[in-house]
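Chemist: the following block contains a protein sequence and its predicted model.
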Amino acid sequence: MQDGYDWGRLNLQSVTEDDTYTDFMNTAELAGREFDAEKWNVKLLDAQTRQVYIDTAEGDDKLKVLSEEEKVLPIPRRPQWTGLTAEQLREEENKNFLEWRRSLASIQEDYDCVVTPYEKNLEFWRQLWRVIERSDLVIQIVDSRHPLLFRSEDLEKYVKEVSGLKKNLVLINKADFLTEEQRIAWAEYLTKEEINFAFFSAIAEEDVESDDDEKSKEGAEDKPDEESDDEEKPIEVDEEGTEDTTCQEQNTTQAVSKTDVLTSDQLVDLFRSHKRFDSEDITVGFIGYPNVGKSSTINKLLSSKKVKVSETPGKTKHFQTLVLEDDITLCDCPGLVMPSICNSKAGMVLQGILPIDQLRDHVPVITLLLTFIPPHVLESKYGLVLPREDGVHAQLSSELLLGAYGTLRGFMTSGGRPDQSRAARIILKDYVSGKLLFCEAPPGVDQARFHEHKMEIRRIFKDDADQQTEARRLQQVRRTKTEEVDGNFFAGMSLGAHVKGSKKLGGRFSDKNKSKKKTRIVYKDLDPKRHGHV
C-alpha cells in the first residue's frame, strides 16, 4: 500500500492526556513555531514605576448551557487535498487539527461543561480519514452495554460529507450480554431514531464454533454405521424427476429478525446487501472506541487470527486491509477516543476506554461502579460478607469494598493493611470483561426494570452472629462496638494492686543496684554483711 506515508516511522502512540509542558510543545510543533530561551536579554523594572491593576468588578457573565445539538462534539475534518503537494497537505492537516482543538477548548471555557480526554495524536486521525475514504460501508462497532456512549453522530455526518454514496451501520457487539427483551427494547429505540443497526457477538461465535468441533468429532466416530444406513435409504424424487429440496430451501431462506444476534455468515450477507449492484466490490471499514471488539469481530469473520487482540485498549496501532472474499475487503482502524461531554474520566476507565493499569486514583472509579452494581451481587460473586444494618446492606464505600476483598484474597501491603489498589484493578477488569454485568437502558425506559440484578446466596451462616463476625474480620475490625467502648472507658483507670511502701522508680534508676546485688551473690564469702562485720 503506497499512500505517501511510511507507517513504520510514524508516532503511533495513543495520547489522550498530557502535562501542560508537553501539550504546549506538541502544539507549537504542529503550528510550526520554535521557541528559544533568551538568557541575556534582561530588563530591570523600577519598583516605583511598576503599577498593578486589580479588577474588583464582579463578573456578570454566566456560563452558557449547551443545547442537545451542541452536545454532539465534532471530530476533525481532513482538508481538501486536490492540487496540493504532500508537504502542503501536511501543513493544512496540522492547521485544521489545531483549529479543531482550539474550538473544543473554547467550548469548555464558554459553556458549563467539561470535555473528557480524547485522542490528541494527529496520526490516529489521519488513519481514520483514510479508512473513511477507502470504505464503501463504514461500521461503527459499539458495546452492547452502553451503545449510545460509543456511537458518534458527527462521524456519521462526516461519512456523508466525504461521499453521499457511502453508508453507515452501527454494529452492536457483545450482544450476548443482552437478553432478548433487552434487544427488543434497543431495536425499538434505534428503529424509531432511523439508525441502521445489527446485533453481533464475537464471543458467542467462538462458543458455537467450539460446539461444532465437538459434534464433528463425535459424528466422525459413528460415521461408518451411518454410511451403511444412508446407502439403503432411497432419495425421494417427484413426478418431474427433481429431488425434494424444499426442506433445505426453508432452512437457508429463514428470515433474519432485527433482534437476532447475527452469525458470521449472516453478517457477510448483510455486507453484500449494501452493494449498489451485484458485480461491485465493496470495502467495509471498522471504526470505534478502543476495546469494543473491532479486531475480534474481524478475526471471527476471517475464521483465523489475522489481527492482534488484547484486553488492553489501543492494541491496534495502524489500519490494515484484509481480503475477506473476492468481493469484500475489510479495513481495520485503530481505536479512537472521541471527544465527549456526556461522560467522565472515571466512566471512561470503567467502560474500558482508558487503560486500567495506568489508573492512579481508583476511588472515583470504584465509587461509580457501586452505583451500578448492588452489594448483594458483589457478595455472591466474590464470597464477601459486607456490613448490614437491621438486615439491610449499609451504605457501601470504596474503602469498605476494597478492604473486604483485599482481606479475603490476602492482598496486603508492607504495613499490614489491605492492598486496595490491587483489589480495585481486579474488580474493574471483571466489570470491563462482563463478569460484573450492567446494561444501560434506552432513553425513555425504566433502568430498574430493564436490568434486574437477581439475588444469589453464595455463603450460608448458622446465625447472624457468625455473619457479623465474618463481616468484622473482612473489614479488619477486631473488636465489637461494645468492646471498643469498654476498652476506651477503662483505659485511663489504674487497675494495678495497691502495695505498701515506696513506689518503684522507672527508667534507668530502677536497675542501678543490680550489678552490686549480682556481685554479692557470686562472691558471698567476701560479703562483710554475711560475717557480721557491718
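Modeler: On my side now, so go ahead.
Chemist: rest of the way, CA atoms for contacts and neighbours
Modeler: Will do.
Chemist: low pLDDT regions in the stretch 151-300 of the chain?
Modeler: Low-confidence segments of the stretch 151-300 of the chain (pLDDT under 70): 204-255.
Chemist: now for Q395: which residues touch it?
Modeler: By C-alpha atoms under 8 Å, 6 or more residues apart in numbering, the contact set of Q395 is empty.
Chemist: E92 versus that one, what's the distance?
Modeler: For Q395, the distance to E92 equals 55 Å [C-alpha to C-alpha, to the nearest Å].
Chemist: same question for F277.
Modeler: Separation of F277 from E92 (C-alpha to C-alpha): 37 Å.
Chemist: looking at these two, which one has more neighbours?
Modeler: Counted by other C-alpha atoms under 10 Å, F277 and E92 do not tie: E92 has more neighbours, with 17 against 9.
Chemist: which elements pack onto the host helix or strand of the more buried one?
Modeler: Using DSSP states H and E, E92 maps to helix 86-110. Applying 3 or more C-alpha pairs under 8 Å, 6 or more residues apart in numbering; DSSP states H and E, one finds that helix 86-110 makes contact with helix 20-31.
Chemist: and the next helix or strand past the helix or strand harbouring R422?
Modeler: Per DSSP H and E: R422 is located in helix 420-433. Using DSSP H and E, the helix or strand that directly follows helix 420-433 along the chain is helix 447-450.
Chemist: show the average pLDDT along that following helix.
Modeler: Mean pLDDT, computed over helix 447-450, is 90.
Chemist: quick one: the helices in the stretch 301-450 of the chain?
Modeler: Ranges of helices in the stretch 301-450 of the chain, per DSSP state H, counting those that start in this stretch, are 345-350, 363-372, 375-382, 398-409, 420-433, 447-450.
Chemist: which pLDDT value belongs to the nearest residue to M412 once chain neighbours are set aside?
Modeler: Among residues not flanking M412 along the chain, P418 sits closest, at 4.4 Å (C-alpha to C-alpha, 6 or more residues apart in numbering). P418 is assigned 87 on the pLDDT scale.
Chemist: thinking P418 is in contact with R409, fair?
Modeler: No - counting by C-alpha atoms under 8 Å, P418 stays clear of R409, with 9.4 Å between them.
Chemist: tally of neighbours for C439?
Modeler: The number of residues packed near C439 is 19, by other C-alpha under 10 Å.
Chemist: what's the pLDDT at it?
Modeler: C439 is assigned a predicted lDDT (pLDDT) of 93.
Chemist: for F197, which non-adjacent residue is spatially closest?
Modeler: V170 (4.5 Å).
Chemist: and the nearest residue to D430 once chain neighbours are set aside, backbone torsions?
Modeler: Closest residue to D430 apart from its sequence neighbours, by C-alpha to C-alpha, 6+ apart: L436 at 5.9 Å. Note on L436: its backbone torsions stand at phi -100, psi 110 [degrees, to the nearest 10].
Chemist: so how far is Q447 from L436?
Modeler: For L436 relative to Q447 (C-alpha to C-alpha), the value is 17 Å.
Chemist: same check, this time on Q88
Modeler: From Q88 to Q447 the distance is 52 Å (C-alpha to C-alpha).
Chemist: next one: L73
Modeler: With distances taken as C-alpha to C-alpha, L73 is found 26 Å from Q447.
Chemist: can you check D260 too?
Modeler: Distance of D260 to Q447, given as C-alpha to C-alpha: 22 Å.
Chemist: how long is stretch 127-145 from one end to the other?
Modeler: With C-alpha to C-alpha as the measure, the first residue of stretch 127-145 is 27 Å from its last.
Chemist: rewinding a little: tell me how far the residue nearest to M412 lies from T407.
Modeler: 6 Å.
Chemist: between those two, which is the more surrounded one?
Modeler: Neighbours per residue (other C-alpha under 10 Å) separate P418 from T407, with P418 holding more: 25 against 20.
Chemist: name the SS class of L169, please.
Modeler: Three-state call for L169 (DSSP: H, G, I helix; E, B strand; the rest coil): strand.
Chemist: neighbours of the residue nearest to it when sequence neighbours are not counted, just the number please.
Modeler: Among residues not flanking L169 along the chain, I139 sits closest, at 4.8 Å (C-alpha to C-alpha, 6+ apart). If you count neighbours by other C-alpha under 10 Å, I139 ends up with 24.
Chemist: surely I139 and I172 touch.
Modeler: No - here I139 does not reach I172: they are 10.0 Å apart, not a contact under C-alpha under 8 Å.
Chemist: which ones are touching T283?
Modeler: Residues in contact with T283, defined by C-alpha under 8 Å, 6+ apart, are R134, S135, D136, L137, I328, T329, L330, C331.
Chemist: can you map out the strands along the protein?
Modeler: 137-143, 167-173, 197-200, 261-262, 282-288, 320-325, 328-332, 388-389, 392-393 (DSSP state E).
Chemist: I'd like those strands written out as TSV, with distance to E99 added.
Modeler: Shown next, in TSV, are the strands of the chain (distance: least, C-alpha to C-alpha, whole Å):
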stretch	distance to E99
strand 137-143	26
strand 167-173	27
strand 197-200	33
strand 261-262	41
strand 282-288	23
strand 320-325	29
strand 328-332	27
strand 388-389	54
strand 392-393	51
